[in-house]
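# Please find the sequence and the predicted model below.
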Amino acid sequence: MSRMKLIPYRTEAILETTNERPKGIQMVEAESLWEDSDQGAGSVVAIIDTGCQLDHPDLEENILDGHNFTDDYGGDPDNYSDNNGHGTHVAGTIAAVENGEGVIGTAPKSKLLILKVLSEDGGGEYEWIIDAIHYAVNWRGPNQERVRVISMSLGGPQDTKPLREAVKNAVSHDVSVVCAAGNEGDGREDTMEYGYPGAYNEVIQVGAVDERRELADFTNTNTQLDLVAPGVDVLSTYLEGKYARLSGTSMATPHVSGGLALLIPLVEKQFNRSMTESEIFSQLIKRTTPLGYSKTAEGNGLMTLALTKKLEDLFSTYMKQ
């Protein structure tokens, strides 16, 4: 069996320091939910990737726990630090803290469970990924926290039964599984490209757009795409306490994972009960804006978290007239 691998991505720039609110966070309107969701406090996102720089100043206070499933570091299960860079970048888009410097994540008070399943070269065994999905579902934090979102910016050509069963098991335990669509796209909407686990119906599959809301030329198009998010020139945390601009559906995925980390506490507070995975999915899709591409290219559209709020405001203004 071929190995699972990082979806190829482009490194646009590496920066020693930065102090800006990444454009993607603004495009998905994350800030509009920060007050009502307390920036995602209480949400735990499991990042299944290359690990994370555990002492990055923008990330360290939000890392709760982790596990290494790979052979790196002599197979030490307790060393889940990042020796690639990809996982650290994904982590920042989800949960970089608001500390007045560096970058800020979509859900700056959410917590992270770092599951290292990809080695330094970006490859990993299917078994490692399957084990990590089960680990995320069964994990409990020091205060009985549990994972509600799994973020996977990885993929492979093979659809395997154990991988699909692991995904189905997660969803049945009300864990949203967010996956990158893949970067094998050819710039055409009418040709289909499938990678797994992204193409499973049970996952939330994310494609990429640029900051002009135009479809990225590399993004996979297929019949299982759910929505799109910013994935071009995305600024986030990187190794050695640095920052990088990367492009790929890998970068779009954590915007949605972070968006869910905001939405879950918000809607559970509104409905005053815990919500199933399918209910959370419908709440997410209510907050998408079609961009005019085919459904196989953009799914339901761009994640725009303020959308329902805007509609409510519009409707209440209309009713008062």
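Everything's here; your move. A quick note: this is a predicted structure, and the numbers were derived from the prediction, not measured. Numbering: from 1, shown residues only.

# all strands for the stretch 1-150 of the chain, in order.
4-6, 10-15, 44-49, 63-68, 111-116, 123-124, 149-152 (DSSP state E, counting those that start in this stretch).

# Does the shortest one pack against any helices or strands, and if so which?
Which is strand 123-124. strand 4-6 (3 or more CB pairs under 8 Å, 6 or more residues apart in numbering; DSSP states H and E). In short, each C-beta sits where N, CA and C put it, glycine included.

# what sits up against the strand it packs on?
50, 84, 86, 117-118, 122-126, 128-129, 153-156, 250 (CB atoms under 8 Å, 6 or more residues apart in numbering).

# Neighbouring strands - and their directions - for that strand?
Under the criterion DSSP bridges, strand 4-6 sits next to strand 123-124 (antiparallel), strand 154-155 (antiparallel) in its sheet.

# Run through who's touching the first one.
What that stands for is strand 123-124. In contact with strand 123-124 (CB under 8 Å, 6+ apart) are residues Arg3, Met4, Lys5, Leu6, Phe69, Thr70, Val117, Leu118, Leu154.

# a markdown table for these, including neighbour count, distance to Leu33 and pLDDT?
As requested, the contacts of strand 123-124 are arranged in a markdown table below (neighbours: other CB atoms under 10 Å; distance: CB to CB, whole Å; pLDDT from 0 to 100):
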| residue | neighbour count | distance to Leu33 | pLDDT |
| --- | --- | --- | --- |
| Arg3 | 16 | 37 | 80 |
| Met4 | 29 | 32 | 80 |
| Lys5 | 17 | 33 | 79 |
| Leu6 | 24 | 29 | 79 |
| Phe69 | 22 | 33 | 98 |
| Thr70 | 23 | 35 | 97 |
| Val117 | 30 | 30 | 97 |
| Leu118 | 31 | 30 | 96 |
| Leu154 | 28 | 27 | 93 |
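
# What would stretch 260-278 look like as PDB? C-alpha coordinates only.
Only the C-alpha atoms of stretch 260-278 are listed here, as PDB (Å, rounded to 0.1, in the frame of the first residue of the first chain):
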ATOM      1  CA  LEU A 260     -16.000  24.900  13.800                       C
ATOM      2  CA  ALA A 261     -14.100  25.600  17.100                       C
ATOM      3  CA  LEU A 262     -16.000  28.900  17.200                       C
ATOM      4  CA  LEU A 263     -19.300  27.600  16.000                       C
ATOM      5  CA  ILE A 264     -19.700  24.600  18.300                       C
ATOM      6  CA  PRO A 265     -19.700  26.500  21.600                       C
ATOM      7  CA  LEU A 266     -21.800  29.300  20.000                       C
ATOM      8  CA  VAL A 267     -24.600  27.200  18.700                       C
ATOM      9  CA  GLU A 268     -24.600  24.800  21.700                       C
ATOM     10  CA  LYS A 269     -25.100  27.900  23.900                       C
ATOM     11  CA  GLN A 270     -27.900  29.100  21.600                       C
ATOM     12  CA  PHE A 271     -29.700  25.800  21.500                       C
ATOM     13  CA  ASN A 272     -28.800  25.000  25.200                       C
ATOM     14  CA  ARG A 273     -27.800  21.400  24.400                       C
ATOM     15  CA  SER A 274     -25.000  19.400  22.800                       C
ATOM     16  CA  MET A 275     -25.300  19.100  19.000                       C
ATOM     17  CA  THR A 276     -24.700  16.100  16.800                       C
ATOM     18  CA  GLU A 277     -22.000  16.200  14.100                       C
ATOM     19  CA  SER A 278     -24.700  16.500  11.400                       C
END
